[in-house]
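**Q** just a sequence and a predicted model for now, questions to come.
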Amino acid sequence: MRGISQRDIAQALTASEKSVEVALRALRNAALLETGRLSYLITNPDELQQRFNRCD
């Protein structure tokens, strides 16, 4: 995904920018997400899906 800022994500989720920053950092640290300037790449979509399914 390109062209979307952390602020845009926060506004779309009605979350704070800080909470988005923390969540994105956790995903990067788990090697599930790579980020760049206004870009996001999910590196392991299957693992990401499994983690979200465990939260249900």
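**A** Alright, I've got the coordinates.
**Q** show the contacting residues for residue 4.
**A** 38, 40 (C-beta atoms under 8 Å, 6 or more residues apart in numbering). C-beta here means a position set from N, CA and C on the backbone, and glycine is covered the same way.
**Q** now it: phi and psi?
**A** Summarising the backbone geometry of residue 4 under the convention degrees, to the nearest 10, its torsions are phi -120, psi 130.
**Q** how close does it sit to residue 13?
**A** Separation of residue 4 from residue 13 (C-beta to C-beta, to the nearest Å): 12 Å.
**Q** ok, which stretches of this structure are strands?
**A** For the chain, the strands defined by DSSP state E occupy 33-36, 39-42.
**Q** indicate which one of those strands is closest to residue 17.
**A** The stretch from those with the least distance to residue 17 (C-beta to C-beta) is strand 33-36; that distance is 14.2 Å.
**Q** quick check: buried residues in that closest one?
**A** Judged by neighbour count using 16 or more other C-beta atoms under 10 Å, the buried positions of strand 33-36 are residue 33.
**Q** have a look at this structure and report the helix or strand with the lowest mean pLDDT.
**A** Within the chain, confidence by mean pLDDT, DSSP states H and E is lowest for helix 45-55 among all helices and strands, at a mean of 88.
**Q** show residues contacting that one.
**A** Under the criterion C-beta under 8 Å, 6+ apart, external residues in contact with helix 45-55 comprise 27, 30, 32-33, 42.
**Q** what's the most distant pair in those?
**A** 30 and 42 (11.3 Å).
**Q** now for the most centrally placed residue in the chain: which residues touch it?
**A** For the chain, residue 24 is the residue whose C-alpha lies nearest the centre (C-alpha atoms, centre = their mean; 4.2 Å). Residues near residue 24 by C-beta under 8 Å, 6+ apart: 6, 33, 35, 40.
**Q** I'd like those as JSON lines, with pLDDT and distance to residue 51 appended.
**A** Putting the contacts of residue 24 into JSON lines (pLDDT from 0 to 100; distance: C-beta to C-beta, whole Å) gives the following:
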{"residue": "6", "pLDDT": "94", "distance to residue 51": "20"}
{"residue": "33", "pLDDT": "96", "distance to residue 51": "11"}
{"residue": "35", "pLDDT": "93", "distance to residue 51": "17"}
{"residue": "40", "pLDDT": "95", "distance to residue 51": "16"}
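**Q** brilliant, that's me finished.
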